[in-house]
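**Q** can you look at this prediction? I've put the sequence above it.
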Amino acid sequence: MIRSKKLAKIKDLKHCFFNSVGGHSKNIYKSLNCGPGSKDNKKNIKKNLQIVRKKISKKAQNIFLVHQIHSNKFVFIDKAYDNKEKPKVDAIITNKKNFPIGVLTADCAPILIYDDKMKMIAAIHAGWKGAFKGIIAKVIKFMIKKGCKLENITAAIGPSISQKNYEVKQDFKRKFIKKDKKNYIFFKNKKNRLYFDLTKYIYASLKTIKIKNIDILRVDTFDKTNKFFSARRALKLNHDDYGRNISIIMLN
């Protein structure tokens, strides 16, 4: 469990970036796997989600999760929301109290957002695809439309894969350069290999929108000593699946 120092100072807010420790799952899912989309035992996943809910708050309702699709789509949950289907989106925005919202990651970056005047929160799943498609800007613009102000917003970028472990191909870089020539700064060549800095790209996206209050938790999910699930590490170890880390934010 890791918290953002900036978000932790806020009294009417609960949040946490959970790693793989403290759950019921076994083998490659050991132990706090919170991903319903994994091949893990569903009963264990449910138990793990209840552990997370209780750690966030005794008052917390069941955690609201979505079907993540690496998009720039989001859902807004207010009192009027009554959709029974799990939405296919990659971000959740809400102003409901005691209503924990969460995103699942395994190298992608979780971003937790809070506006301290409007009392509105957001949780974003930002892999390279979502970030590239502008999911961060879309979420912030919607929050502004709802009355939030840039100067009142705090954003925390959670644990994700570090640049040194995020090897990519040249066509990946070309895609980014085609969008904006300045994007070359997010790439690094080392020993004829190319690496991408996802966290730096997300940070730059937030700065472009003019968010000033940003916290970056520089924890590498690929590094097994940090005890986070990692899709890339699982691939390297020839595992046929991997667990998911959960990141939660909730208004008290």
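**A** Good, I have the coordinates.

**Q** going by C-alpha atoms from here, please, whenever you check contacts or count neighbours.
**A** Will do.

**Q** dihedrals phi and psi, the residue most central in space within the chain?
**A** By CA atoms, centre = their mean, the chain has its centre lying nearest to residue 110, at 1.4 Å. Here is the backbone geometry of residue 110 (degrees, to the nearest 10): phi -90, psi 140.

**Q** residue contacts, it?
**A** 103-104, 123-126, 157-160, 247 (CA atoms under 8 Å, 6 or more residues apart in numbering).

**Q** nearest to residue 208, of these?
**A** When these are compared for distance to residue 208 (CA to CA), residue 157 wins out at 15.2 Å.

**Q** that closest one reaches residue 112, doesn't it?
**A** Yes. Here residue 157 reaches residue 112: they are 6.7 Å apart, a contact under CA atoms under 8 Å.

**Q** who touches stretch 59-77?
**A** Under the criterion CA under 8 Å, 6+ apart, residues 49-50, 53-54, 86-96, 98-103, 125-127, 129-131, 133-136, 138-139 lie in contact with stretch 59-77.

**Q** residue 157 and residue 112: which is more packed in?
**A** Neighbour count, other CA atoms under 10 Å: between residue 157 and residue 112, residue 112 has more, with 30 against 25.

**Q** against residue 195, how distant is the more buried one?
**A** Computed as CA to CA, to the nearest Å, the residue 112 to residue 195 distance reads 25 Å.

**Q** now residue 42
**A** Counting by CA to CA - residue 42 and residue 195 are separated by 35 Å.

**Q** then residue 116?
**A** From residue 116 to residue 195 the distance is 36 Å (CA to CA).

**Q** the two - which one has more neighbours?
**A** For residue 116 versus residue 195, neighbours defined as other CA under 10 Å are more numerous around residue 195 (20 against 17).
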